[in-house]
Structures are given as structure tokens and as C-alpha cells.
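Student: how would this look folded up:
(one chain, ligands or ions: 2)
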Amino acid sequence: MSIHTKLTEPFSLVLFGATGDLAKRKLYPALFSLFKSGLLPQNFAVIGVGRSKRTVEEFRTAVRSSVDQFSRLKVTDENEWNQFARKFFYVIADVNQPGQYQGIKTVVEENEKDWNLQGKGNRLYYLAIAPDLFGSVSRNLRLAGLTETSGWKRLIIEKPIGHDYASAKKLNEQMKESFTEQEIYRIDHYLGKEMVQNINVIRFANSLFEPLWNHHYIETVQITASETVGVEDRANYYDEAGALRDMVQNHILQILMMVCMEPPSRLKTEAIHDEKVKVLRSLRKIEESEAAEYVVRGQYRAGMLDGKLVPGYRDEKNVNPASNTETFVAAKLYVDNLRWAGVPFYIRTGKRMPAKATEIVIQFKEMPKNLYFNKNNDLGPNLLVINIQPVEGMYMVLNAKKPGSINEITPIAMEFCNNCDQGTPEAYESLLHDAVAGDQTFFTHWDEVSLAWKFIDPIRRAWDRGEIPLEFYESGTWGPQAADDLLAKEGHRWWPVSSQRRHQIVKANEMVKM
Ligand SMILES: NC(=O)C1=CN([C@@H]2O[C@H](COP(=O)(O)OP(=O)(O)OC[C@H]3O[C@@H](n4cnc5c(N)ncnc54)[C@H](OP(=O)(O)O)[C@@H]3O)[C@@H](O)[C@H]2O)C=CC1
Ligand SMILES: O=C1O[C@H](COP(=O)(O)O)[C@@H](O)[C@H](O)[C@H]1O
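Tutor: Ligands and ions are numbered 1, 2, ... in the order given. Below is the predicted model of the structure:
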């Protein structure tokens, strides 16, 4: 649903994890931006839950400081702020204690009474807490009667959903005891990003691209999600998870599905999910014995980034000094269906790389080189680059005549920037909006989660057996040499990321000649 659609139905948002990092950095700012944009209904309430002792006033003050610090849209008027702040409540509760849900119920019911909606309020339960608590919260919500309403009830959960297929399945079964699949909203925040949502439009609304979007015309597809940050203060989670579970199982595979899916029969949630799931079903399985051939894992060492020396992963706070956790993954994937037969999809993601960039490069097949225009061996392939972040947009690299020459070729670029002139909604704004609106299109279905784990698990097992080397890369570089070799074997190479070159016509010469 368009984020510009005003939400009109009253609702209660019960936010577990109200004192946590996600709430502070993403959720309160997103709620405020939605409010400030006039998209929230007159009647809504946010009931924060945590064990930390806070008065309602203290909680509202904490929400204010998170909005001031992180919100896309800023508070410009104290009346506006007071109207927003009045919607926030706080309940001290340990989610493992069923008896402590009564306090939550009281606040929810009081608000619903004020809105003349006794017994029929709409309720959104957001679990911004560790996944091992999801089962217990779902059960306790039901035991406390909080799932009994003739309005709608929905459960939003965050990743990671388990650490492998078996644990994800168990979690899912626990949640299913209280919520149906249609009521469970699994967040993959990449699906809330503007340009990820734009992939379908770029593909299916342009007769320029749609006929070419297959193995007849596309040589390779590259998906890069690079970060400059290291593990930061999340080592307790990350050292267990690693990049394969943290980024590939969810965000990267979601992007892959969007790039590869067939046109849906209708622009409806079910039809889109069906097509995405078919991509995962066609994804060539990588057996444990093949992991070394298809996947590279790396870990950052100390190095220079932005002119500063940064420590190696094993020296980071709370990381096991002998850790073999991967902070980088590169892989060669194949989608074995008629559209994509033989096209390699190269993916890479890593921390402590030279730039923050999420990009998709569609590399088209080259023109026959023996024809007219390749005298100087300077005829490069056409590229379509979809910039997901930080710059949102796309550009195409084409070939044209060098001005003044006879038949000399020069690469040229055509660029579109989505967020250069004005900001676009943050992923969490869009996702919160859709969850309240009841639109599951950009949330992940259980089939997607389960198939993604089934794809990842054998690779993980191969690594856990320790038979495949962990490659090291210096911080501030594009990963280990093995990641370049993976492509070189197929006669390909990574295209340099371009999104650092903000608001600048792309230097296609550099792109093509590097
Ligand atoms: N932070 C991020 O950017 C991202 C986070 N996520 C996911 O979001 C979830 C939350 O992450 P994050 O905010 O970083 O985690 P934090 O550790 O910062 O916060 C955890 C929250 O859980 C609450 N909590 C923990 N145990 C209990 C309990 N027994 N009863 C009640 N409340 C409890 C804490 O409140 P209190 O201490 O007051 O009890 C706190 O509010 C996780 O699933 C994470 O994987 C996903 C993507 C990005
Ligand atoms: O889910 C996660 O994503 C972030 C990267 O998100 P982005 O929106 O900044 O690209 C990553 O840093 C984190 O490790 C992972 O858990």
C-alpha cells in the first residue's frame, strides 16, 4: 500500500523492547515521521513494555530524545510534540511472567474504552526483543486474553528468525499457537527500502527492460551489500550468527527474489509471494561438499578505514579471540529455471569495507566484438545499476561515439537519483505503515524464511566442520582475494560500487575500464 495513504482505523501498538536499541534508533523516529506526515489516525496508542523502571513521563522524554536524534522529520512545534507524546504509555513487565501482562491489558483496554471500541480494538504486537522470547510472548499474550478482540490483531517480529531451519520452524510453531500466518508480519527491513520496492516497477513497468530480463541478454547479476562499520556492540549476537545468517539468509536473498521473480498474476500480496517463493525453489542447492566451490567466507583484520586504524574482528569487544565467524561472504548462485539458466548471480556482503553501498548491477551480454566498433578494445558491456543505498536511484552505462572521433567508442551514463533532492521515507516508516494497514506484501512469508534457511544450512554445516578455509581481509578493502578469484574463474569481475559518488553523473569510463 502506498505510504501516502492515511491510516484511519484506531489501533494500539504494544511494543515489547521499548527500552532497546531498535526502538530508539528506528521505531520511535519512524512513528514520529508518520505522525508528522499526517498518516496516523486520530486515535492510536503506543504501549511500551520493558523490565526497566520508567515512569510514563520518563518514557515520553526518552522517546523525545530518540526522535530528536534519529528522526527524518524533526519536531518543529511543541504542540505537535505534545499531541504525539500523549499517545505513549509505559508498562513495566517481564515478558516471561504471564501475570505481568495484566498491566498491559489494562492500558490497552482503557484506550479502547476511550475510543468506544471495547472488545473490538485493533492490536499490533511488536516484538523488538530477542527471538528466543517470541514463543513465550505469543503464548502469554494469548493466556492473558490479549489476543481476544473482534478487531484485528497482528504480530510483528524482527530477525533473526532462528539460527537454522529447525530452530526457525520451532519458533514459527510456537507463534502459530496464538497467531495465524496472515497475522504474522516478519520484518526484513530491506523490503521497506524504497529502491527494493522499486525493483518490480523498474522491471515490469518498462518495456525497455522487461524483454531483456533473462539469460538471452543478461551475462551476470551482482548484488553487493557492503558496510564500513564493524561488529560494533553486537558481538554477543553477531559472533554466533555471522554474515551468512545475518545478511545473506534474509536481505540478500530477498533482493535476489525481487530481481528474479516472474511477473505476478496480479499486484496482490499472495501473487507476489508465490512468485518470490518459486525463485527460492529454483535456487540451485549448494551441497556441503560444494560449498568451497561456490562460497567464500572472510573475516576482517585490522586496517585503515577513513584514515583511521580500526581493530581486527578478533580484537573487538566481546568477540572470541579465536573466533572463526565470517564477517564477509561472497557467493556464486544459480537460479535454475528457464529465465535464468546459466546466469551467475554473484553476491557479496561484508563489514569494514571501504564504502557503505547496497547495489545491484545487471550486466548485459556484450555486442559481438569482431564488429565495427571495437578497434581499440574499448567496447564495454551495458550495465543497469540499481542503487539501493545510500544514494537511491539507478543508472545505465551505454556506449556512444567519442565526440569528434569517427568510430571511437566511449561509455556514457544516464542517471536517475531518487533521494538527491528530497528525502524518502525510511524503511521502518513504510513497514510500520503497511503493518497497520494490513498489507503483508513487503513482509516475509514463512515459506520464504524456511526455504532460505534450507538453502543456507548446508553451507553453514560445511563451514562448521572447519574443512573450508576462513579467508582474511584487511579492513578497508573489498574482501579476500578468493572473492575476486570466484568471479575470475568464470571470466567475470566485481564492478566497483558507484553509490559513493553522490549526485554526480557516473564516471562510466571508470566503471567500464576498471
Ligand atoms: N538494533 C537493531 O538495529 C536491530 C535489531 N533487530 C532485532 O530487534 C530485536 C531487538 O533488538 P535491540 O533493540 O537491538 O535489542 P536491545 O538489547 O537493545 O533491547 C532488548 C529489549 O528487550 C527488552 N527485554 C529483554 N528481556 C526482556 C524481558 N524478559 N521482559 C521484557 N523485556 C525484555 C529490553 O528491555 P529491558 O531491559 O527494559 O527489560 C530491551 O528493551 C532483536 O530481535 C534484534 O535481533 C533487527 C535488526 C536491527
Ligand atoms: O539486519 C542487519 O542490517 C544491517 C545493515 O542494514 P542497513 O539498512 O544499514 O544496510 C547490518 O549492519 C546488521 O548487521 C544486520 O543485522
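Student: quick one: name the residues of the stretch 151-300 of the chain near ligand 1.
Tutor: Residues of the stretch 151-300 of the chain lying near ligand 1 by C-beta under 6 Å from any ligand atom: 158-160. Bear in mind the C-beta positions are built from the backbone N, C-alpha and C, glycine included.
Student: show me the contacts for residue 432.
Tutor: Residue 432 makes contacts with 27, 30-31, 34, as judged by C-beta atoms under 8 Å, 6 or more residues apart in numbering.
Student: and it, that one's in a helix?
Tutor: Yes - using DSSP: H, G, I helix; E, B strand; the rest coil, the assignment for residue 432 is a helix.
Student: please report the distance of it from residue 363.
Tutor: Residue 432 is 36 Å from residue 363, where distance means C-beta to C-beta, to the nearest Å.
Student: with residue 329 instead?
Tutor: Using C-beta to C-beta, residue 329 is found at 20 Å from residue 363.
Student: the more surrounded of these two?
Tutor: Each of residue 329 and residue 363 has its neighbours counted (other C-beta atoms under 10 Å); residue 329 has more, 26 against 21.
Student: can you tell me the SS state at the more buried one?
Tutor: Three-state assignment for residue 329 (three-state DSSP): strand.
Student: if I look at it, how far off is residue 415?
Tutor: 29 Å.
Student: same check on residue 362?
Tutor: From residue 362 to residue 415 the distance is 15 Å (C-beta to C-beta).
Student: these two: which has the busier surroundings?
Tutor: residue 362 (25 against 20).
Student: pull the residues that contact stretch 177-192.
Tutor: For stretch 177-192, using C-beta under 8 Å, 6+ apart, the contacting residues are 26, 138-139, 141-142, 147, 152-159, 161, 175-176, 196-197, 250-251, 254-255, 358, 388, 426-431, 435, 440, 442-446, 449.
Student: contacting residues around the residue in the stretch 251-400 of the chain that ligand 1 sits nearest to?
Tutor: Residue of the stretch 251-400 of the chain nearest ligand 1, by C-beta to the nearest ligand atom: residue 251 (10.1 Å). By C-beta under 8 Å, 6+ apart, the contact set of residue 251 is 188-190, 225, 349.
Student: how about residue 475?
Tutor: 230, 300-305, 310, 312, 352.
Student: which residue is the nearest non-sequential neighbour of it?
Tutor: Leaving aside its chain neighbours, residue 475 sits nearest to residue 303 (3.2 Å; criterion: C-beta to C-beta, 6 or more residues apart in numbering).
Student: partner residues bridging the one you found?
Tutor: Beta-bridge partners for residue 303, by DSSP bridges, are residue 310.
Student: close enough to count as contact, it and residue 476?
Tutor: Yes - using C-beta atoms under 8 Å, residue 303 is in contact with residue 476, at 4.4 Å.
Student: may I see the PyMOL selection of the buried members of the contacts of stretch 177-192?
Tutor: The following PyMOL line selects those of the contacts of stretch 177-192 that are buried, judged by 16 or more other C-beta atoms under 10 Å:
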select buried, resi 26+138+141+142+147+152+153+154+155+156+157+158+159+161+175+196+197+250+251+254+255+358+388+426+427+428+429+430+431+435+440+442+443+444+445+446+449
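Student: looking at this protein, which residue is nearest ligand 1?
Tutor: residue 20 (2.3 Å).
Student: show me what contacts that residue?
Tutor: Contacts of residue 20 by C-beta under 8 Å, 6+ apart are 50, 128-129.
Student: pLDDT wise, what is it at?
Tutor: On the pLDDT scale, residue 20 is placed at 95.
Student: pull out the buried positions in the longest helix anywhere in the chain.
Tutor: Counting residues, the longest helix in the chain under DSSP state H turns out to be helix 446-464. For helix 446-464, burial by neighbour count (16+ other C-beta under 10 Å) applies to 446, 448-453, 455-460, 462-463.
Student: try stretch 97-110
Tutor: So stretch 97-110, judged by 16+ other C-beta under 10 Å, has buried residues 100-101, 103-105, 107-109.
Student: again with stretch 267-274
Tutor: For stretch 267-274, using 16+ other C-beta under 10 Å, the buried residues are 269, 272-274.
Student: sitting in helices, which of those residues do you find?
Tutor: Per DSSP H, the subset of the buried residues of stretch 267-274 in helices is 269, 272-274.
Student: what's the farthest-apart pair in the residues you listed?
Tutor: 269 and 274 (9.6 Å; C-beta to C-beta).
Student: which residue sits closest to residue 366, ignoring its sequence neighbours?
Tutor: residue 381 is the one closest to residue 366 (C-beta to C-beta, 6+ apart), at 4.8 Å.
Student: put together CSV for the buried residues of stretch 267-274, with pLDDT on each row.
Tutor: Conversion of these to CSV gives the following (pLDDT from 0 to 100):
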residue, pLDDT
269, 93
272, 95
273, 96
274, 97
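Student: let me know the closest of those residues to residue 245.
Tutor: Each of the buried residues of stretch 267-274 was checked against residue 245 using C-beta to C-beta; the closest is residue 273, at 22.1 Å.
Student: domain assignment for this protein?
Tutor: According to the TED database, the chain comprises the domains 11-158, 191-424+444-507.
Student: tell me the bridge partners for residue 157.
Tutor: Where residue 157 sits in a bridge, its partners, by DSSP bridges, are residue 127, residue 186.
Student: measure the spatially most central residue of the chain to residue 249 for me?
Tutor: In the chain, the C-alpha nearest the mean C-alpha coordinate belongs to residue 190, at 2.2 Å (C-alpha atoms, centre = their mean). Distance from residue 190 to residue 249, counting by C-beta to C-beta: 12 Å.
Student: what's the offset of the helix or strand hosting residue 65 from the middle of its chain?
Tutor: Per DSSP states H and E: residue 65 is located in helix 56-70. The chain centre lies 26 Å from the centre of helix 56-70; the measure is C-alpha atoms, centre = their mean, to the nearest Å.
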